[in-house]
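Visitor: here's a sequence, model it:
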Amino acid sequence: QVQLVESGGGLAQPGGSLRLSCAASGFTFSSYAMSWARQAPGKGLEWVSGIYSDSRFTYYADSVKGRFTVSRDNAKGTVYLQMNSLKPEDTALYYCAKHRATNINYDMDYWGKGTLVTVSS
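Guide: Numbering: from 1, shown residues only. Model prediction:
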């Protein structure tokens, strides 16, 4: 069955960096686009970033553009989110999700359980 397991969350200071990883299994990873989304305390789910199956295109929410970088290693079945210049408002539970096809225009059909990122001094 499809499994998505996030890791790499933790406590970071404002201006600091973290790198999230999402290990995927149970499907042909290289055939599907992947995304990251987050949910801050008391707020709704926010899509953060997406990457095509072949890494040809990447997309970002305006709130993270220029600070976050999404990448993937199809050989390892892993998608990453490098987060730099972190702000307190980046504090959230971060999820990775699988799309139904090679690009992010299709819905997300599987989600991980999330990894918590806290940005605080």
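
Visitor: let me see the contact set for the spatially most central residue of the chain.
Guide: By C-alpha atoms, centre = their mean, the chain has its centre lying nearest to W36, at 2.7 Å. W36 makes contact with 20, 22, 47-50, 70, 79, 81, 94-97, according to C-beta atoms under 8 Å, 6 or more residues apart in numbering. C-beta here means a position set from N, CA and C on the backbone, and glycine is covered the same way.

Visitor: save those residues as TSV, and put in distance to S120, secondary structure and neighbour count too.
Guide: Formatted as TSV, these follow (distance: C-beta to C-beta, whole Å; DSSP: H, G, I helix; E, B strand; the rest coil; neighbours: other C-beta atoms under 10 Å):
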residue	distance to S120	secondary structure	neighbour count
L20	17	strand	24
C22	24	strand	25
W47	24	strand	16
V48	19	strand	24
S49	22	strand	24
G50	27	strand	23
V70	24	strand	22
V79	26	strand	29
L81	19	strand	27
Y94	16	strand	23
Y95	21	strand	23
C96	23	strand	30
A97	26	strand	22
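
Visitor: looking at these, spot the one nearest V2.
Guide: A97 (10.6 Å; C-beta to C-beta).

Visitor: please tell me how far the closest one sits from T78.
Guide: According to C-beta to C-beta, to the nearest Å, A97 stands 14 Å off from T78.

Visitor: the residue nearest to the centre of the chain is in what secondary structure piece?
Guide: strand 34-39 (DSSP states H and E).

Visitor: buried residues in that strand?
Guide: 34-38 (16 or more other C-beta atoms under 10 Å).

Visitor: direction included, what does it pair up with?
Guide: Strand 34-39 pairs in its sheet with strand 45-51 (antiparallel), strand 92-99 (antiparallel), by DSSP bridges.

Visitor: how far is it from where the chain is centred?
Guide: Remark: strand 34-39 is offset 4 Å from the chain centroid, using C-alpha atoms, centre = their mean, to the nearest Å.
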